[in-house]
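Student: Okay, sequence plus prediction incoming.
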Amino acid sequence: MKIQSAKVIVTCPGRNFVTLKIETDQGVYGIGDATLNGRELSVASYLEDHVIPSLIGMDPRRIEDIWQYLYRGAYWRRGPVTMRAIAAVDMALWDIKAKMAGMPLYQLLGGRSRDGVMVYGHANGGDIAETVEAVGFYVDMGYKAIRAQTGVPGIKDAYGVGRGKLYYEPADASLPSVTGWDTRKALNHVPKLFEELRKTFGFDYHLLHDGHHRYTPQEAANLGKMLEPYQLFWLEDCTPAENQEAFKLVRQHTVTPLAVGEIFNTIWDCKDLIQNQLIDYIRATVLGAGGLTHLRRIADFASLYQVRTGCHGATDLSPVTMGCALHFDTWVPNFGIQEYMRHTAETDAVFPHDYRFEAGLMYCGEAPGHGVDIDEALAARYPYKPAYLPVARLEDGTMWNW
Ligand SMILES: O=C(O)[C@@H](O)[C@H](O)[C@H](O)CO
Ligand SMILES: [Mg+2]
């Protein structure tokens, strides 16, 4: 069996998505996600110019060997562009193997550990009242876990707090927009949101919060401590994690559970955090961290230290990643939670899939493979548009951590 051809499809049915399709000489094909928000075309080039030529003629069943070939063979290890390109190939190869076996992907990974996987949605608001309303909206839809973010008085256009929107709408722009930030104002305000949410909805729902890497370790420790009465499921990215040791300070001061890892590429980014038990949830995902082959290694390592998974699932990952993540979550023994931001109807149409949401849980399908395809004719109707995540600047113009 041989890889006969492979191609990259770039489409923008709401957000930009980069998709890899690998075709074999036996008519079976596999699909992988290669999207890197704001740097999409660099991964497309990495695949088209450097990876695809080396894949032609290889045996697609040798998933592990191809992973090692792309990772070690490049000489330049790690990094978001390289690891997303590898992830795309890996997803497509697992898709091919599962289709050939006539099995849904989770069966190949080791079979079912649970019926459905708990997901959390994003409730955003310009102020506390709006966020409370948005949380209510998710409660009504049946969610058991909700991430809550609110605008902060005095901070201009804080990130990710657009008025109770179900879908994230990126600005269509050739340059990133500028948002504001002020740590003191945020620290004074965020605990009030959770006080209000617990008063309104009680303690039967899981509440989560994302700090978007914006606090120093000392400030993050302070926030975690102030949030303790509200019993969060987790506080995410409370401080930048390039220096994994920084989490020791946070950990010493608060029992609020900590989650990190949506921007991690490999096990090396989370090794110290996991083995020193400085976090409770690892957010590495199939796309970000080199595919199922590598994510499985991270999860197994994490299980030794009681760290659970919490895969990234924002809408800048395509439904292909969501499909793979749901098969992974269905199998992985140390599952914690799965993020689920809803894609637009246009995106769902471009990527036909068999996963579904019901009563706060998601279910992967039983079709052979990972269950997500791409409608190439429809994809061609939505050409790439430059779009970026915003940057954050302080009132005096200083660039802030993102
Ligand atoms: O936890 C989240 O879903 C966010 O941090 C997003 O991943 C980020 O805005 C990039 O899309
Ligand atoms: Mg996040």
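Tutor: Done, it's in. Ligands and ions are numbered 1, 2, ... in the order given.

Student: Just to check, G125 is in contact with V152?
Tutor: No: with contacts counted by C-beta atoms under 8 Å, G125 stays clear of V152, the gap being 11.2 Å. Backbone N, C-alpha and C define where each C-beta goes, glycine included.

Student: Compare those two (neighbour count), which wins?
Tutor: V152 (25 against 22; other C-beta atoms under 10 Å).

Student: pretty sure that one contacts L193?
Tutor: No: between V152 and L193 there is no contact under C-beta under 8 Å: 9.4 Å.

Student: Mind listing what's buried along the strand or helix carrying R296?
Tutor: Assigned by DSSP states H and E, R296 belongs to helix 291-303. Neighbour-count burial for helix 291-303, counted by 16 or more other C-beta atoms under 10 Å, picks out G291, L292, T293, H294, L295, R296, I298, A299, F301, A302.

Student: what about that helix, average pLDDT?
Tutor: Averaged across helix 291-303, the pLDDT comes to 98.

Student: thinking again about what came up before, in a markdown table, list the buried residues of helix 291-303 along with distance to ligand 2.
Tutor: Formatted as a markdown table, those follow (distance: C-beta to the ion, whole Å):
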| residue | distance to ligand 2 |
| --- | --- |
| G291 | 20 |
| L292 | 21 |
| T293 | 24 |
| H294 | 20 |
| L295 | 17 |
| R296 | 22 |
| I298 | 17 |
| A299 | 19 |
| F301 | 22 |
| A302 | 18 |
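
Student: what sits against whatever residue of the stretch 251-400 of the chain ends up closest to ligand 2?
Tutor: Residue nearest to ligand 2 within the stretch 251-400 of the chain (C-beta to the ion): E262, separated by 4.9 Å. Listed by C-beta atoms under 8 Å, 6 or more residues apart in numbering, the contact partners of E262 are E236, D237, R283, A284, T285, G288, H312, A314.

Student: Please tell me how far it sits from G32.
Tutor: Shown here: E262 relative to G32, a distance of 19 Å by C-beta to C-beta, to the nearest Å.

Student: which non-adjacent residue is nearest the residue in the stretch 251-400 of the chain that ligand 1 sits nearest to?
Tutor: Closest residue of the stretch 251-400 of the chain to ligand 1, C-beta to the nearest ligand atom: A314 (3.6 Å). Excluding the flanking residues, the one nearest A314 by C-beta to C-beta, 6 or more residues apart in numbering is M341, at 5.1 Å.

Student: The one you found looks like it's in a strand, true?
Tutor: No: looking at M341 with DSSP: H, G, I helix; E, B strand; the rest coil, it is coil, so not inside a strand.

Student: give me the number of residues near it?
Tutor: Close neighbours of M341, defined as other C-beta under 10 Å, add up to 19.

Student: So what sits opposite I337 in the bridge?
Tutor: G310 (DSSP bridges).

Student: Next up, the contacts around it.
Tutor: Contacts of I337 by C-beta under 8 Å, 6+ apart are V117, M118, V119, Y120, A145, H206, F233, Y281, R308, T309, G310.

Student: switch to 10 Å and redo it
Tutor: Contacts for I337 (C-beta atoms under 10 Å, 6 or more residues apart in numbering) come out as 117-120, 144-145, 206, 208, 233-234, 259, 281, 283, 308-311, 313, 329.

Student: ok, now how distant is it from A259?
Tutor: Separation of I337 from A259 (C-beta to C-beta) stands at 9 Å.

Student: Need the residues touching each of those two.
Tutor: With C-beta under 10 Å, 6+ apart as the test, I337 and A259 both reach L208, F233, W234, Y281, R283, R308, T309, G310.

Student: Ligand 1 contacts on the stretch 251-400 of the chain?
Tutor: Proximity of the stretch 251-400 of the chain to ligand 1, by C-beta under 6 Å from any ligand atom, involves residues E262, H312, A314, D316, E339, L389.

Student: The fifth one against G121, yeah?
Tutor: Yes: under the criterion of C-beta atoms under 10 Å, E339 lies in contact with G121, with a separation of 8.5 Å.

Student: Can you work out which residues contact both of the two?
Tutor: By C-beta under 10 Å, 6+ apart, the residues touching both E339 and G121 are A145, R147, L208, G313.

Student: following the helix or strand hosting V190, which helix or strand shows up next?
Tutor: V190 belongs to helix 183-201 when elements are defined using DSSP H and E. Downstream of helix 183-201, the next assigned helix or strand under DSSP H and E is strand 206-210.

Student: after that following strand, next one along is what?
Tutor: Scanning onward from strand 206-210 (DSSP H and E), the first element met is helix 217-227.

Student: What helices and strands are in contact with that following helix?
Tutor: In terms of contacts (3 or more C-beta pairs under 10 Å, 6 or more residues apart in numbering; DSSP states H and E), helix 217-227 is packed against helix 183-201, strand 206-210, strand 234-236, helix 246-253.

Student: so where's this protein shaky on pLDDT?
Tutor: 160-172, 402 (pLDDT under 70).

Student: which residues of it fall in helices?
Tutor: 40-45, 52-55, 63-73, 80-101, 105-109, 128-141, 183-201, 217-227, 246-253, 271-275, 291-303, 319-331, 345-350, 376-379 (DSSP state H).

Student: Many thanks, have a good one.
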